[in-house]
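[1] Have a look; sequence and predicted model below, questions after that.
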Amino acid sequence: MKYWFVGVLSFCLIYSGFAQDTTATMNVEKNEVSIAVPDADGSAKRQDQIIIDVNYEHLLDLPDGVDLKLWSRGINLYMMYDIPIADANVSFAIGAGFSSQNYFSNSFVVRDTADFSSFLPVEDSLDIKRTKLSTNFVDVPIEFRFRSNANSKGNRWKIALGGKVGYLMNVHSKYIASNGDKFKGYVFPNVRQLRYGVHTRIGYGRWSLTGFYSLSTLFEDKKGVEVTPLSMGISIIPF
């Protein structure tokens with residue numbers, strides 16, 4: 001969590017500096033607050049510049065006997081630059097941010113003598129209470145956005161379609177024994193350094209449903225079992 005505190009703090013500082021340059025263009029209309037850079041005609045149309053995703057994390061095609069827990073979770077924090085294409089209802093956006101995935105399961109991630117990574121179910125005799133594999137990425141998302149006209153309350157229906165590329169910054173495991181002892185591991189050379197995939201976001205006002213499907217596997221080709229990350233969650237758009 002301390003890494004996420006640093007990340008959130010950095011995000012706030014970056015956004016604070018950005019807001020200082022755009023305060024004069026803050027547009028408050030019908031209880032909707034949007035922070036935007038003015039277009040050439042003086043209007044403020046750029047929207048949805050901060051995205052916070054709270055996700056359920058899943059791995060597809062896990063080996064038999066390996067169960068992922070329902071409390072596997074993740075979070076994304078993105079700053080997006082919204083570029084209107086024709087009007088306020090259609091735009092293109094590109095951004096940058098952080099993401100974290102926590103996969104809780106009944107297994108260890110191990111490498112065999114051939115340098116091949118897989119999941120090994122925990123034996124009952126080991127008395128392990130919880131196991132977790134965590135990954136952290138710096139992401140670059142891009143997307144096309146489609147919005148309805150604002151209603152009487154200033155809210156819109158929104159759809160975003162796009163993808164993102166992420167660079168692995170950290171991967172580690174954590175095991176907790178029944179007596180409370182904790183063990184961490186940091187050597188996972190077969191986890192893919194560069195991931196990529198497609199995502200969508202559909203919602204109303206400040207709230208949306210979001211999903212990400214990775215087009216790359218968790219491990220490098222031929223260096224691990226072919227499991228595919230999948231994220232589903234809720235997006236919060238504070239600005």
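    Noted; the coordinates are in hand.

[2] can you give me the strands in this protein?
    27-29, 32-34, 50-60, 73-84, 90-105, 107-111, 117-121, 128-147, 157-177, 182-185, 194-204, 207-214, 228-236 (DSSP state E).

[3] Looking at strand pairing, list the partners for the residue most central in space within the chain.
    The centroid of the chain falls nearest to Asn76 when counting by Cα atoms, centre = their mean (3.4 Å). Beta bridges link Asn76 to Asp53, Ser99 when assigned by DSSP bridges.

[4] you'd agree Phe146 is up against Arg156?
    No. With contact defined as Cβ atoms under 8 Å, Phe146 does not count as touching Arg156 (9.8 Å). Yep, even glycine has a C-beta here, placed from its N, CA and C like the rest.

[5] For stretch 206-226, buried residues please.
    Buried residues in stretch 206-226, defined by neighbour count with 16 or more other Cβ atoms under 10 Å: 208, 210, 212, 214, 216-219, 223-225.

[6] Quick check: pLDDT value at the residue nearest to Arg130 when sequence neighbours are not counted.
    Nearest-residue entry for Arg130: Ile176, 4.5 Å, with adjacent residues in sequence omitted and distances by Cβ to Cβ, 6 or more residues apart in numbering. Taken from the predicted model, the pLDDT recorded for Ile176 is 88.

[7] circling back to that earlier point, what two of the buried residues of stretch 206-226 are the furthest from one another?
    Maximum pairwise distance among those (Cβ to Cβ): 35.5 Å, between Ser208 and Lys223.

[8] separation between Glu57 and Gly233?
    9 Å (Cβ to Cβ, to the nearest Å).

[9] Name the residues contacting each of these two.
    Both Glu57 and Gly233 are contacted by Gly74, under the criterion Cβ atoms under 8 Å, 6 or more residues apart in numbering.

[10] The two: which is more packed in?
    Just comparing Glu57 and Gly233: by other Cβ atoms under 10 Å the higher neighbour count belongs to Glu57, 24 against 21.

[11] For Phe212, see how far away the more buried one is.
    With Cβ to Cβ as the criterion, Glu57 and Phe212 are 10 Å apart.

[12] what's the span of stretch 59-69 from first residue to last?
    Stretch 59-69 has an end-to-end distance of 11 Å (criterion: Cα to Cα, to the nearest Å).

[13] residue ranges with poor pLDDT in the protein?
    For the chain, the stretches with pLDDT under 70 are 1-45, 125.

[14] mind running it again at 80?
    The model of the chain has pLDDT under 80 over residues 1-46, 86-88, 124-126, 239.

[15] one step back: so the residue nearest to Arg130 bridges to which residues?
    With DSSP bridges as the criterion, Ile176 is bridged to Arg130, Lys182.

[16] mind listing what it touches?
    Ile176 sits in contact with 128-131, 182-183, where contact means Cβ under 8 Å, 6+ apart.

[17] Most neighbours of all those residues, which one?
    Neighbour counts for the contacts of Ile176, by other Cβ under 10 Å, peak at Thr131, which reaches 22 neighbours.

[18] That residue and Tyr175 touch, don't they?
    Yes. Using Cβ under 8 Å, Thr131 makes contact with Tyr175 at a distance of 5.2 Å.

[19] Touching both of the two, which residues are there?
    By Cβ under 8 Å, 6+ apart, the residues touching both Thr131 and Tyr175 are Phe108.

[20] quick one on the thing from earlier: reformat the strands of the chain as JSON lines; add distance to Val66.
    Below are the strands of the chain laid out as JSON lines (distance: least, Cβ to Cβ, whole Å):
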{"stretch": "strand 27-29", "distance to Val66": "50"}
{"stretch": "strand 32-34", "distance to Val66": "45"}
{"stretch": "strand 50-60", "distance to Val66": "9"}
{"stretch": "strand 73-84", "distance to Val66": "18"}
{"stretch": "strand 90-105", "distance to Val66": "6"}
{"stretch": "strand 107-111", "distance to Val66": "5"}
{"stretch": "strand 117-121", "distance to Val66": "5"}
{"stretch": "strand 128-147", "distance to Val66": "11"}
{"stretch": "strand 157-177", "distance to Val66": "14"}
{"stretch": "strand 182-185", "distance to Val66": "17"}
{"stretch": "strand 194-204", "distance to Val66": "20"}
{"stretch": "strand 207-214", "distance to Val66": "18"}
{"stretch": "strand 228-236", "distance to Val66": "14"}
